[in-house]
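Trainee: Sequence first, then the predicted structure:
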Amino acid sequence: MKTVCVMGLDRFHLDLLNTIPDASEHYQFLTLYEKDEIVHPPELAYPPLQTMVDHALDLFARSPQPVDGIMGYWDLPTSVAVPLIAHIAGLPGAPLEAVARCEHKYWSRIEQTTVLPEMVGRFQAIDPFADDPLAQVQLPYPFWLKPVKAHSSFLGFYIEDAAALQRHLPTIRENIGIMARPMNEFLDRIHLPEDVAKVDAWHCIAEEIISEGLQCTLEGYGWKDDVEIFGVVDSIRGGQRNSSFTRYQYPSSLPEPVQRRMRDATVKLMRHIGYRGAAFNVEFYWNPETDRIRLLEINARISKSHSPLFLMVDGCTNQKVSMDLALGQRPDPPHRLGTFPLAAKFMVRYFEDAILERVPTETDILAVRALFPEALVRPMAAQGTRLSDIDLQDSYSFEVAEIFLGGRTETELVDKYDTALDRLGFKIRPLDRVTE
(Lines give C-alpha, C1' and ligand atoms only; values in the text may rest on other atoms or scores of the structure.)
Protein backbone atom coordinates (compact mmCIF):
# COMPACT_ATOMS: atom_id res chain seq x y z
CA MET A 1 0.00 0.00 0.00
CA LYS A 2 1.28 3.46 -0.95
CA THR A 3 1.09 6.41 1.46
CA VAL A 4 0.28 9.71 -0.23
CA CYS A 5 0.47 12.98 1.67
CA VAL A 6 -2.23 15.46 0.56
CA MET A 7 -1.95 19.14 1.42
CA GLY A 8 -5.18 20.78 2.59
CA LEU A 9 -7.21 17.57 2.50
CA ASP A 10 -10.89 17.92 3.40
CA ARG A 11 -13.84 15.54 3.44
CA PHE A 12 -15.10 16.54 0.00
CA HIS A 13 -11.80 15.84 -1.76
CA LEU A 14 -11.07 12.74 0.31
CA ASP A 15 -14.36 11.30 -0.91
CA LEU A 16 -13.26 12.04 -4.47
CA LEU A 17 -9.87 10.41 -3.92
CA ASN A 18 -11.62 7.34 -2.56
CA THR A 19 -13.48 6.93 -5.89
CA ILE A 20 -10.15 6.06 -7.52
CA PRO A 21 -10.37 2.36 -8.47
CA ASP A 22 -9.15 0.12 -5.63
CA ALA A 23 -8.16 3.20 -3.60
CA SER A 24 -8.90 1.52 -0.26
CA GLU A 25 -6.64 -1.42 -1.15
CA HIS A 26 -3.72 0.44 -2.71
CA TYR A 27 -3.51 3.91 -1.15
CA GLN A 28 -3.73 5.63 2.18
CA PHE A 29 -3.98 9.40 2.38
CA LEU A 30 -2.11 11.42 4.97
CA THR A 31 -3.31 14.98 5.69
CA LEU A 32 -0.76 17.79 5.68
CA TYR A 33 -2.71 20.72 7.14
CA GLU A 34 -6.48 20.86 7.24
CA LYS A 35 -8.14 22.91 4.51
CA ASP A 36 -9.04 25.71 6.93
CA GLU A 37 -5.39 25.99 7.96
CA ILE A 38 -3.91 26.34 4.49
CA VAL A 39 -6.67 27.58 2.17
CA HIS A 40 -8.69 29.99 4.32
CA PRO A 41 -6.67 30.45 7.52
CA PRO A 42 -7.77 33.10 10.05
CA GLU A 43 -7.04 36.59 8.70
CA LEU A 44 -5.65 34.82 5.59
CA ALA A 45 -2.33 34.56 7.42
CA TYR A 46 -0.62 31.57 5.79
CA PRO A 47 2.10 29.74 7.72
CA PRO A 48 5.62 30.70 6.61
CA LEU A 49 6.89 28.40 3.88
CA GLN A 50 9.70 27.07 6.08
CA THR A 51 7.13 26.23 8.76
CA MET A 52 5.20 24.20 6.17
CA VAL A 53 8.38 22.37 5.18
CA ASP A 54 9.30 21.62 8.80
CA HIS A 55 5.76 20.46 9.57
CA ALA A 56 5.80 18.13 6.56
CA LEU A 57 9.16 16.61 7.42
CA ASP A 58 8.02 16.05 11.00
CA LEU A 59 4.82 14.43 9.76
CA PHE A 60 6.81 12.17 7.44
CA ALA A 61 9.13 11.16 10.27
CA ARG A 62 6.19 10.27 12.55
CA SER A 63 4.26 8.34 9.91
CA PRO A 64 4.09 4.60 10.71
CA GLN A 65 4.56 3.91 6.99
CA PRO A 66 7.10 5.60 4.69
CA VAL A 67 5.54 8.47 2.73
CA ASP A 68 5.76 7.67 -0.98
CA GLY A 69 4.59 10.98 -2.43
CA ILE A 70 3.08 14.39 -1.75
CA MET A 71 0.35 16.08 -3.81
CA GLY A 72 -1.98 19.07 -3.78
CA TYR A 73 -4.68 20.72 -5.85
CA TRP A 74 -5.10 24.11 -4.14
CA ASP A 75 -3.44 27.29 -5.34
CA LEU A 76 -0.94 29.36 -3.37
CA PRO A 77 0.65 28.47 -0.98
CA THR A 78 -0.03 24.78 -1.76
CA SER A 79 1.07 25.14 -5.40
CA VAL A 80 4.59 26.13 -4.33
CA ALA A 81 4.83 24.30 -1.00
CA VAL A 82 4.16 20.84 -2.46
CA PRO A 83 7.01 20.86 -5.03
CA LEU A 84 9.36 22.43 -2.48
CA ILE A 85 8.59 19.78 0.14
CA ALA A 86 8.96 17.03 -2.46
CA HIS A 87 12.34 18.46 -3.50
CA ILE A 88 13.64 18.64 0.06
CA ALA A 89 12.24 15.22 1.04
CA GLY A 90 13.61 13.50 -2.07
CA LEU A 91 10.13 12.67 -3.40
CA PRO A 92 8.95 12.94 -7.03
CA GLY A 93 7.89 16.43 -8.04
CA ALA A 94 8.22 19.23 -10.58
CA PRO A 95 11.48 21.20 -10.90
CA LEU A 96 11.23 24.29 -8.70
CA GLU A 97 12.33 26.71 -11.41
CA ALA A 98 9.70 25.33 -13.80
CA VAL A 99 7.02 25.84 -11.13
CA ALA A 100 8.18 29.43 -10.64
CA ARG A 101 8.03 30.05 -14.41
CA CYS A 102 4.35 29.08 -14.28
CA GLU A 103 3.31 30.70 -11.00
CA HIS A 104 5.12 34.06 -11.35
CA LYS A 105 2.77 35.64 -13.89
CA TYR A 106 5.26 38.23 -15.15
CA TRP A 107 8.03 35.65 -15.63
CA SER A 108 5.50 33.31 -17.20
CA ARG A 109 4.53 35.96 -19.76
CA ILE A 110 8.17 36.40 -20.71
CA GLU A 111 8.53 32.65 -21.28
CA GLN A 112 5.26 32.49 -23.23
CA THR A 113 6.36 35.34 -25.49
CA THR A 114 9.57 33.48 -26.29
CA VAL A 115 7.79 30.49 -27.85
CA LEU A 116 4.21 31.65 -28.58
CA PRO A 117 4.46 35.37 -29.34
CA GLU A 118 1.36 35.34 -31.52
CA MET A 119 -0.78 34.15 -28.58
CA VAL A 120 0.43 36.59 -25.93
CA GLY A 121 -0.93 40.10 -25.46
CA ARG A 122 1.09 43.12 -24.41
CA PHE A 123 1.99 43.29 -20.72
CA GLN A 124 4.13 45.17 -18.25
CA ALA A 125 5.02 45.18 -14.57
CA ILE A 126 3.68 47.91 -12.28
CA ASP A 127 4.86 48.68 -8.75
CA PRO A 128 1.72 49.68 -6.81
CA PHE A 129 3.88 51.18 -4.06
CA ALA A 130 5.81 53.54 -6.33
CA ASP A 131 5.56 57.27 -5.62
CA ASP A 132 3.62 57.71 -8.85
CA PRO A 133 2.34 54.33 -10.13
CA LEU A 134 0.38 56.03 -12.92
CA ALA A 135 3.62 57.32 -14.44
CA GLN A 136 4.71 53.71 -15.05
CA VAL A 137 1.78 52.89 -17.33
CA GLN A 138 2.87 52.16 -20.89
CA LEU A 139 -0.13 50.15 -22.09
CA PRO A 140 -3.12 51.95 -23.56
CA TYR A 141 -6.27 51.92 -21.46
CA PRO A 142 -8.25 49.80 -20.81
CA PHE A 143 -6.25 46.89 -19.40
CA TRP A 144 -6.46 44.27 -16.66
CA LEU A 145 -4.35 44.72 -13.53
CA LYS A 146 -3.62 41.88 -11.12
CA PRO A 147 -0.88 40.83 -8.72
CA VAL A 148 2.13 38.94 -10.04
CA LYS A 149 0.68 36.05 -8.04
CA ALA A 150 -2.94 35.63 -7.00
CA HIS A 151 -5.80 33.28 -7.76
CA SER A 152 -9.59 33.25 -8.17
CA SER A 153 -9.26 36.70 -9.81
CA PHE A 154 -8.41 38.12 -6.36
CA LEU A 155 -7.36 41.79 -6.70
CA GLY A 156 -7.92 41.62 -10.45
CA PHE A 157 -9.32 44.92 -11.74
CA TYR A 158 -10.48 46.23 -15.10
CA ILE A 159 -8.66 49.54 -15.48
CA GLU A 160 -10.54 51.71 -17.93
CA ASP A 161 -8.57 54.91 -17.27
CA ALA A 162 -6.09 56.59 -14.93
CA ALA A 163 -8.84 57.43 -12.45
CA ALA A 164 -9.77 53.75 -12.14
CA LEU A 165 -6.15 52.82 -11.47
CA GLN A 166 -5.93 55.50 -8.80
CA ARG A 167 -9.19 54.25 -7.27
CA HIS A 168 -8.09 50.61 -6.98
CA LEU A 169 -4.51 51.14 -5.82
CA PRO A 170 -5.36 51.48 -2.09
CA THR A 171 -7.17 48.10 -2.13
CA ILE A 172 -4.24 46.47 -3.88
CA ARG A 173 -1.70 47.97 -1.48
CA GLU A 174 -3.72 46.85 1.53
CA ASN A 175 -4.23 43.24 0.39
CA ILE A 176 -1.44 42.23 -1.99
CA GLY A 177 0.69 40.96 0.89
CA ILE A 178 -1.68 38.02 1.45
CA MET A 179 -0.21 36.33 -1.61
CA ALA A 180 3.06 38.23 -1.91
CA ARG A 181 4.55 36.94 1.33
CA PRO A 182 4.35 33.19 0.60
CA MET A 183 5.23 33.69 -3.06
CA ASN A 184 8.34 35.70 -2.24
CA GLU A 185 9.40 33.06 0.29
CA PHE A 186 9.34 30.58 -2.58
CA LEU A 187 11.10 32.90 -5.03
CA ASP A 188 13.90 33.40 -2.50
CA ARG A 189 14.82 29.75 -3.14
CA ILE A 190 14.98 30.14 -6.94
CA HIS A 191 17.68 31.65 -9.12
CA LEU A 192 15.78 34.36 -10.98
CA PRO A 193 16.84 36.12 -14.18
CA GLU A 194 17.85 39.72 -13.52
CA ASP A 195 14.79 41.21 -15.23
CA VAL A 196 12.48 38.94 -13.23
CA ALA A 197 14.23 39.45 -9.89
CA LYS A 198 13.29 43.14 -10.03
CA VAL A 199 9.59 42.21 -10.18
CA ASP A 200 8.79 40.36 -6.97
CA ALA A 201 5.33 39.36 -5.72
CA TRP A 202 4.61 42.84 -4.32
CA HIS A 203 4.27 43.95 -7.94
CA CYS A 204 1.33 43.77 -10.33
CA ILE A 205 1.14 42.86 -13.97
CA ALA A 206 -0.88 44.98 -16.38
CA GLU A 207 -2.13 43.06 -19.41
CA GLU A 208 -3.77 43.92 -22.67
CA ILE A 209 -7.38 42.74 -22.71
CA ILE A 210 -7.53 39.45 -24.59
CA SER A 211 -10.84 38.09 -23.26
CA GLU A 212 -12.69 37.90 -26.56
CA GLY A 213 -14.65 34.83 -27.57
CA LEU A 214 -14.69 31.49 -25.76
CA GLN A 215 -12.48 30.37 -22.91
CA CYS A 216 -11.25 26.90 -22.07
CA THR A 217 -8.68 25.13 -19.91
CA LEU A 218 -6.37 22.30 -20.96
CA GLU A 219 -5.48 19.85 -18.19
CA GLY A 220 -2.19 18.06 -18.70
CA TYR A 221 1.02 16.78 -17.20
CA GLY A 222 4.73 16.55 -17.90
CA TRP A 223 6.44 13.17 -17.83
CA LYS A 224 10.15 13.17 -18.61
CA ASP A 225 10.35 14.81 -22.04
CA ASP A 226 6.69 14.21 -22.88
CA VAL A 227 3.80 16.61 -22.35
CA GLU A 228 0.33 15.05 -22.41
CA ILE A 229 -3.10 16.71 -22.46
CA PHE A 230 -5.86 14.58 -20.95
CA GLY A 231 -8.86 16.91 -21.01
CA VAL A 232 -10.22 20.24 -22.29
CA VAL A 233 -12.83 22.06 -20.17
CA ASP A 234 -14.93 25.05 -21.26
CA SER A 235 -15.08 28.08 -18.93
CA ILE A 236 -18.26 30.13 -19.20
CA ARG A 237 -18.13 33.65 -17.79
CA GLY A 238 -20.65 36.35 -16.94
CA GLY A 239 -21.11 39.48 -14.88
CA GLN A 240 -20.29 43.14 -15.26
CA ARG A 241 -16.91 42.67 -16.95
CA ASN A 242 -17.60 39.15 -18.20
CA SER A 243 -14.86 38.24 -15.73
CA SER A 244 -16.69 35.97 -13.26
CA PHE A 245 -16.90 32.23 -13.90
CA THR A 246 -20.48 30.98 -13.98
CA ARG A 247 -19.74 27.36 -14.93
CA TYR A 248 -17.10 24.91 -16.12
CA GLN A 249 -18.29 22.30 -18.63
CA TYR A 250 -16.55 19.11 -19.75
CA PRO A 251 -15.76 18.04 -22.38
CA SER A 252 -15.17 21.20 -24.39
CA SER A 253 -17.50 22.08 -27.25
CA LEU A 254 -14.77 23.96 -29.16
CA PRO A 255 -14.02 22.67 -32.68
CA GLU A 256 -11.46 19.88 -32.69
CA PRO A 257 -9.00 21.79 -34.95
CA VAL A 258 -9.01 24.65 -32.43
CA GLN A 259 -8.40 22.26 -29.54
CA ARG A 260 -5.57 20.66 -31.50
CA ARG A 261 -3.87 24.03 -32.00
CA MET A 262 -4.16 24.70 -28.28
CA ARG A 263 -2.73 21.26 -27.48
CA ASP A 264 0.22 21.83 -29.80
CA ALA A 265 0.88 25.24 -28.26
CA THR A 266 0.71 23.82 -24.73
CA VAL A 267 3.14 21.02 -25.51
CA LYS A 268 5.60 23.49 -27.05
CA LEU A 269 5.31 25.88 -24.09
CA MET A 270 5.59 23.35 -21.27
CA ARG A 271 8.59 21.67 -22.91
CA HIS A 272 10.24 25.07 -23.17
CA ILE A 273 9.58 25.74 -19.49
CA GLY A 274 10.99 22.33 -18.54
CA TYR A 275 7.91 21.28 -16.63
CA ARG A 276 7.85 17.58 -15.81
CA GLY A 277 6.84 15.17 -13.06
CA ALA A 278 3.60 17.01 -12.19
CA ALA A 279 0.22 18.12 -13.52
CA PHE A 280 -0.70 21.58 -14.81
CA ASN A 281 -3.48 23.47 -16.53
CA VAL A 282 -3.31 26.17 -19.21
CA GLU A 283 -6.12 28.62 -20.02
CA PHE A 284 -6.85 29.97 -23.51
CA TYR A 285 -9.34 32.17 -25.36
CA TRP A 286 -10.52 31.49 -28.89
CA ASN A 287 -12.31 34.16 -30.91
CA PRO A 288 -14.60 32.42 -33.45
CA GLU A 289 -14.86 35.58 -35.56
CA THR A 290 -11.12 36.03 -36.07
CA ASP A 291 -10.04 32.42 -35.34
CA ARG A 292 -7.37 33.88 -33.07
CA ILE A 293 -6.16 32.00 -29.97
CA ARG A 294 -4.79 33.91 -26.97
CA LEU A 295 -3.05 32.40 -23.96
CA LEU A 296 -4.34 33.54 -20.56
CA GLU A 297 -2.18 31.77 -17.95
CA ILE A 298 -0.53 28.60 -16.66
CA ASN A 299 -1.21 26.99 -13.28
CA ALA A 300 1.20 24.45 -11.80
CA ARG A 301 -1.54 22.07 -10.58
CA ILE A 302 -4.71 20.33 -11.67
CA SER A 303 -7.94 22.27 -11.29
CA LYS A 304 -9.81 20.92 -8.25
CA SER A 305 -12.96 22.43 -9.75
CA HIS A 306 -12.70 19.94 -12.62
CA SER A 307 -12.26 16.84 -10.44
CA PRO A 308 -15.94 15.80 -10.24
CA LEU A 309 -16.36 16.53 -13.95
CA PHE A 310 -13.63 14.07 -14.94
CA LEU A 311 -15.18 11.52 -12.59
CA MET A 312 -18.64 11.89 -14.17
CA VAL A 313 -17.42 11.86 -17.79
CA ASP A 314 -14.22 9.79 -17.81
CA GLY A 315 -14.84 7.55 -14.83
CA CYS A 316 -11.95 8.81 -12.68
CA THR A 317 -11.14 12.11 -11.01
CA ASN A 318 -8.18 14.08 -12.35
CA GLN A 319 -6.66 13.73 -8.87
CA LYS A 320 -5.46 10.31 -10.02
CA VAL A 321 -3.10 12.03 -12.48
CA SER A 322 -1.54 14.12 -9.71
CA MET A 323 -1.33 11.11 -7.42
CA ASP A 324 0.37 8.91 -10.01
CA LEU A 325 2.96 11.59 -10.70
CA ALA A 326 3.52 12.15 -6.97
CA LEU A 327 4.35 8.44 -6.76
CA GLY A 328 6.77 8.66 -9.68
CA GLN A 329 4.44 6.82 -12.08
CA ARG A 330 3.31 7.82 -15.55
CA PRO A 331 -0.47 8.45 -15.48
CA ASP A 332 -2.86 6.52 -17.70
CA PRO A 333 -6.19 8.30 -17.16
CA PRO A 334 -9.36 6.64 -18.49
CA HIS A 335 -11.33 8.34 -21.25
CA ARG A 336 -15.13 8.55 -21.55
CA LEU A 337 -15.82 5.68 -19.16
CA GLY A 338 -18.07 7.72 -16.86
CA THR A 339 -21.82 7.82 -16.40
CA PHE A 340 -22.47 11.04 -18.34
CA PRO A 341 -21.36 12.44 -21.69
CA LEU A 342 -21.35 15.96 -20.16
CA ALA A 343 -20.73 17.41 -16.70
CA ALA A 344 -20.56 20.91 -15.27
CA LYS A 345 -19.64 22.84 -12.18
CA PHE A 346 -22.03 25.75 -11.66
CA MET A 347 -21.05 28.69 -9.46
CA VAL A 348 -23.91 30.33 -7.57
CA ARG A 349 -23.00 34.01 -7.70
CA TYR A 350 -24.45 37.37 -6.83
CA PHE A 351 -23.20 40.57 -8.39
CA GLU A 352 -24.21 43.11 -5.74
CA ASP A 353 -23.26 43.12 -2.07
CA ALA A 354 -26.01 41.78 0.20
CA ILE A 355 -26.69 39.65 3.25
CA LEU A 356 -26.98 35.89 2.69
CA GLU A 357 -30.34 35.46 4.38
CA ARG A 358 -30.83 31.73 3.76
CA VAL A 359 -28.53 28.86 2.80
CA PRO A 360 -29.61 25.30 1.98
CA THR A 361 -30.19 22.86 4.81
CA GLU A 362 -28.95 19.28 4.68
CA THR A 363 -32.55 18.31 3.90
CA ASP A 364 -32.53 20.68 0.89
CA ILE A 365 -29.30 19.14 -0.41
CA LEU A 366 -30.60 15.61 0.05
CA ALA A 367 -33.74 16.57 -1.86
CA VAL A 368 -31.61 17.71 -4.80
CA ARG A 369 -29.61 14.48 -4.68
CA ALA A 370 -32.86 12.50 -4.67
CA LEU A 371 -33.69 14.18 -7.98
CA PHE A 372 -30.14 14.05 -9.38
CA PRO A 373 -28.08 11.34 -7.64
CA GLU A 374 -24.78 12.56 -9.12
CA ALA A 375 -25.26 16.09 -7.73
CA LEU A 376 -22.62 17.54 -5.41
CA VAL A 377 -23.53 20.74 -3.57
CA ARG A 378 -21.00 22.82 -1.63
CA PRO A 379 -22.27 25.96 0.16
CA MET A 380 -19.37 28.38 0.68
CA ALA A 381 -20.77 30.84 3.20
CA ALA A 382 -22.91 30.68 6.33
CA GLN A 383 -26.36 32.12 6.77
CA GLY A 384 -26.18 35.78 7.80
CA THR A 385 -22.86 36.42 6.03
CA ARG A 386 -22.37 39.70 4.24
CA LEU A 387 -21.23 38.76 0.75
CA SER A 388 -18.32 41.21 0.73
CA ASP A 389 -16.93 39.47 3.84
CA ILE A 390 -16.32 36.20 1.97
CA ASP A 391 -12.56 35.78 1.51
CA LEU A 392 -10.67 35.72 -1.80
CA GLN A 393 -13.51 36.68 -4.13
CA ASP A 394 -13.05 38.21 -7.56
CA SER A 395 -13.53 41.96 -7.77
CA TYR A 396 -16.95 41.91 -9.42
CA SER A 397 -19.01 39.10 -7.87
CA PHE A 398 -19.63 36.97 -4.79
CA GLU A 399 -19.65 33.16 -5.00
CA VAL A 400 -21.80 31.45 -2.36
CA ALA A 401 -21.95 27.83 -3.56
CA GLU A 402 -20.81 25.23 -6.08
CA ILE A 403 -23.14 22.72 -7.73
CA PHE A 404 -21.76 19.79 -9.79
CA LEU A 405 -24.11 18.00 -12.19
CA GLY A 406 -24.00 15.54 -15.09
CA GLY A 407 -26.23 15.37 -18.15
CA ARG A 408 -26.71 14.15 -21.71
CA THR A 409 -26.89 17.60 -23.30
CA GLU A 410 -26.04 21.18 -22.38
CA THR A 411 -29.74 22.03 -22.25
CA GLU A 412 -30.33 19.21 -19.78
CA LEU A 413 -27.42 20.38 -17.64
CA VAL A 414 -28.73 23.96 -17.44
CA ASP A 415 -32.28 22.74 -16.73
CA LYS A 416 -30.97 20.54 -13.92
CA TYR A 417 -29.10 23.47 -12.46
CA ASP A 418 -32.17 25.73 -12.54
CA THR A 419 -34.19 23.04 -10.77
CA ALA A 420 -31.47 22.42 -8.19
CA LEU A 421 -31.01 26.11 -7.46
CA ASP A 422 -34.75 26.52 -6.94
CA ARG A 423 -34.88 23.53 -4.56
CA LEU A 424 -31.85 24.73 -2.57
CA GLY A 425 -33.58 27.98 -1.71
CA PHE A 426 -30.76 30.52 -1.44
CA LYS A 427 -32.02 33.95 -0.43
CA ILE A 428 -30.25 37.27 -0.10
CA ARG A 429 -31.35 40.52 1.53
CA PRO A 430 -30.23 43.72 -0.20
CA LEU A 431 -28.12 46.08 1.89
CA ASP A 432 -30.62 48.90 1.52
CA ARG A 433 -32.93 46.87 3.75
CA VAL A 434 -30.41 46.46 6.56
CA THR A 435 -28.42 48.77 8.72
CA GLU A 436 -24.79 48.76 7.62
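Mentor: Great, that's in hand.
Trainee: Now do stretch 15-29: distance from first to last residue.
Mentor: 11 Å (C-alpha to C-alpha, to the nearest Å).
Trainee: That one: which residues count as buried?
Mentor: Leu16, Leu17, Ile20, Ala23, Tyr27, Phe29 (16 or more other C-beta atoms under 10 Å). The C-beta positions use only the backbone N, C-alpha and C, and glycine is treated the same way.
Trainee: got it, and stretch 203-211?
Mentor: Neighbour-count burial for stretch 203-211 [16+ other C-beta under 10 Å]: His203, Cys204, Ile205, Ala206, Glu207, Ile209, Ile210, Ser211.
Trainee: The first one and Leu49: what is the separation?
Mentor: I take that to be His203. 19 Å (C-beta to C-beta, to the nearest Å).
Trainee: Tell me how many other residues surround the residue lying closest to Tyr73 once chain neighbours are set aside.
Mentor: Closest residue in space to Tyr73, ignoring its immediate chain neighbours: Lys304 at 4.2 Å, by C-beta to C-beta, 6 or more residues apart in numbering. As a burial measure, Lys304 scores 21 neighbours (other C-beta atoms under 10 Å).
Trainee: Look up how far Leu76 lies from Lys304.
Mentor: Separation of Lys304 from Leu76 (C-beta to C-beta): 13 Å.
Trainee: again with His104
Mentor: 11 Å.
Trainee: same question, Ala164
Mentor: With the distance defined as C-beta to C-beta, Ala164 ends up 26 Å from Leu76.
Trainee: what element comes up after the host helix or strand of Ile236 heading to the C-terminus?
Mentor: If you go by DSSP states H and E, Ile236 is part of strand 226-238. Downstream of strand 226-238, the next assigned helix or strand under DSSP H and E is strand 244-250.
Trainee: where does the residue lying closest to Glu410 once chain neighbours are set aside fall, phi/psi-wise?
Mentor: Using C-beta to C-beta, 6+ apart and skipping residues adjacent in sequence, the residue nearest Glu410 is Leu342, 6.6 Å away. Main-chain torsions, Leu342, degrees, to the nearest 10: phi -140, psi 150.
Trainee: Now for Leu342, how many residues are close by?
Mentor: By other C-beta under 10 Å, the residues close to Leu342 number 20.
Trainee: I'd like the numbering to begin with 40 instead of 1 from here.
Mentor: Got it, the first residue is 40 from now on, which makes the last one we talked about Leu381.
Trainee: That one bridge partners, please.
Mentor: Gly446 (DSSP bridges).
Trainee: longest helix in the chain, by residue count?
Mentor: helix 295-312 (DSSP state H).
Trainee: Taking their axis directions, that helix and strand 265-277 sit at what angle?
Mentor: Using axes from the mean of the first three to the mean of the last three C-alpha atoms, to 10 degrees, the inter-axis angle of helix 295-312 relative to strand 265-277 is 120 degrees.
Trainee: Helices of the stretch 40-189 of the chain, start to end?
Mentor: Taking DSSP state H, counting those that start in this stretch to define them, one finds helices in the stretch 40-189 of the chain at 50-56, 62-65, 74-77, 88-101, 117-128, 135-142, 144-154.
Trainee: Go through these and name the closest to Gly313.
Mentor: Among the helices of the stretch 40-189 of the chain, helix 135-142 comes nearest to Gly313, with 4.7 Å by C-beta to C-beta.
Trainee: Just list what that closest one packs against, helices and strands only.
Mentor: In terms of contacts (3 or more C-beta pairs under 8 Å, 6 or more residues apart in numbering; DSSP states H and E), helix 135-142 is packed against helix 117-128, helix 144-154, helix 216-226, helix 295-312, strand 331-338.
Trainee: returning to what we had before: give the contact list for the residue nearest to Tyr112.
Mentor: By C-beta atoms under 8 Å, 6 or more residues apart in numbering, the contact set of Lys343 is His52, Tyr112, Trp113.
Trainee: got it, and Gln288?
Mentor: Applying C-beta under 8 Å, 6+ apart, the residues contacting Gln288 are Val272, Asp273, Ile275, Leu348, Leu381, Ala382, Ala383, Glu449, Leu452.
Trainee: Same list as before, those residues that is, but in CSV and with pLDDT and distance to Ala317 included.
Mentor: Listed next are these as CSV, based on pLDDT from 0 to 100; distance: C-beta to C-beta, whole Å:
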residue, pLDDT, distance to Ala317
Val272, 98, 19
Asp273, 98, 24
Ile275, 92, 27
Leu348, 98, 20
Leu381, 98, 28
Ala382, 98, 24
Ala383, 98, 26
Glu449, 96, 32
Leu452, 97, 31
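Trainee: Export those residues as CSV, with columns for distance to Gly160.
Mentor: Below are those laid out as CSV (distance: C-beta to C-beta, whole Å):
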residue, distance to Gly160
Val272, 22
Asp273, 21
Ile275, 21
Leu348, 28
Leu381, 31
Ala382, 31
Ala383, 28
Glu449, 29
Leu452, 32
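Trainee: center of this protein - which residue?
Mentor: Ser342 (5.3 Å; C-alpha atoms, centre = their mean).
Trainee: This completes my enquiry, with thanks.
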